[in-house]
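**Student:** here is my input; please provide its structure:
(one chain, ligands or ions: 1)
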Amino acid sequence: MNDARMILIAAPSGAGKNSFMERALAEFPVLKDIVTYTTRKMRTGEVDGEHYHFISKTDFQEKIDQGFFAEWSPVHDSLYGTSHQSLEAAWAEGRVAIMDIDVQGVEKFMKIYPDGISVFILPPSIEELKKRILARDKKAPENLQLRLQNAEKEIQLAHTFDYQLVNDDFEKSYQGFKKILEELLPFE
Ligand code: 5GP
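**Tutor:** Take a look at the predicted model:
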């Protein structure tokens, strides 16, 4: 057992990290999903305040100026950020913050909160990743190429994370993730 307060999950988009997060949140009530902020457009099926807080570039910039974000980064062609307030609220409840952020975000958070735990979820291959992104967003997302290029760059940084999991078979990979959580989380 450990006193982890923050679990950072990074994976190239399409590697399946949402399934890991959903399952872990259902099985470990101590985890608190941190809803982050973005300037990107909502995808079909997404809900404001649930998947992200969707805000304009102007509002995002104002929040940067106000020191609202614990961390923010440009990802693909939008801005993403995590508020101080959302983390403080999770910790005030005695919960462990879990969040899905990109590799730059993980790097920044690990400097501010060195006791954070970083987990990288790898897709079985770039080809498989491409298939998953296309299947998720039936119309080819306009920035597919950019997402794939970024995926290749991110994968090269996987070794800098505390844990790496290959999502080839979800059930098997999730059991690996669950084992990590069981070792780290308090009260579980
Ligand atoms: P998507 O647009 O596909 O939902 O997410 C794009 C990327 O932004 C993902 O890698 C996701 O993990 C990352 N992301 C989401 N919120 C944040 C955040 O607050 N900070 C950073 N650095 N990345 C984030």
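
**Student:** show the average pLDDT along stretch 157-177.
**Tutor:** The pLDDT scores in stretch 157-177 average 94.

**Student:** end to end on it, go ahead and measure it.
**Tutor:** One end of stretch 157-177 sits 19 Å from the other (Cα to Cα, to the nearest Å).

**Student:** hmm, who's touching that stretch?
**Tutor:** 10-11, 15-16, 19-20, 23-24, 103, 106-107, 117-124, 180 (Cβ atoms under 8 Å, 6 or more residues apart in numbering). Where C-beta positions appear, they are placed from N, C-alpha and C, glycine not excepted.

**Student:** show the buried residues in the residues you listed.
**Tutor:** If you count burial by 16 or more other Cβ atoms under 10 Å, the buried members of the contacts of stretch 157-177 come out as 10-11, 15-16, 20, 24, 103, 106-107, 117-123, 180.

**Student:** please flag which of those sit within strands.
**Tutor:** Among the buried ones among the contacts of stretch 157-177, the ones falling in strands (DSSP state E) are 10, 117-122.

**Student:** which pair of these spans the longest distance?
**Tutor:** The span of those, defined through Cβ to Cβ, is set by Ile117 and Leu122 at 16.8 Å.

**Student:** hey, which helix is longest across the chain?
**Tutor:** The longest helix of the chain (DSSP state H) is helix 170-184.

**Student:** can you give me the angle it makes with strand 117-122?
**Tutor:** 170 degrees (axes from the mean of the first three to the mean of the last three Cα atoms, to 10 degrees).

**Student:** how many other residues sit next to the residue of the chain found nearest the ligand?
**Tutor:** Closest residue of the chain to the ligand, Cβ to the nearest ligand atom: Gly105 (2.4 Å). Each residue near Gly105 was counted by other Cβ atoms under 10 Å, and the total is 22.

**Student:** from Ala135, how far off is it?
**Tutor:** For Gly105, the distance to Ala135 (Cβ to Cβ, to the nearest Å) stands at 25 Å.

**Student:** quick revisit: distance from the longest helix of the chain to the middle of the chain?
**Tutor:** Distance of helix 170-184 from the chain centroid (Cα atoms, centre = their mean, to the nearest Å) equals 16 Å.

**Student:** that concludes my questions; thank you for your assistance.
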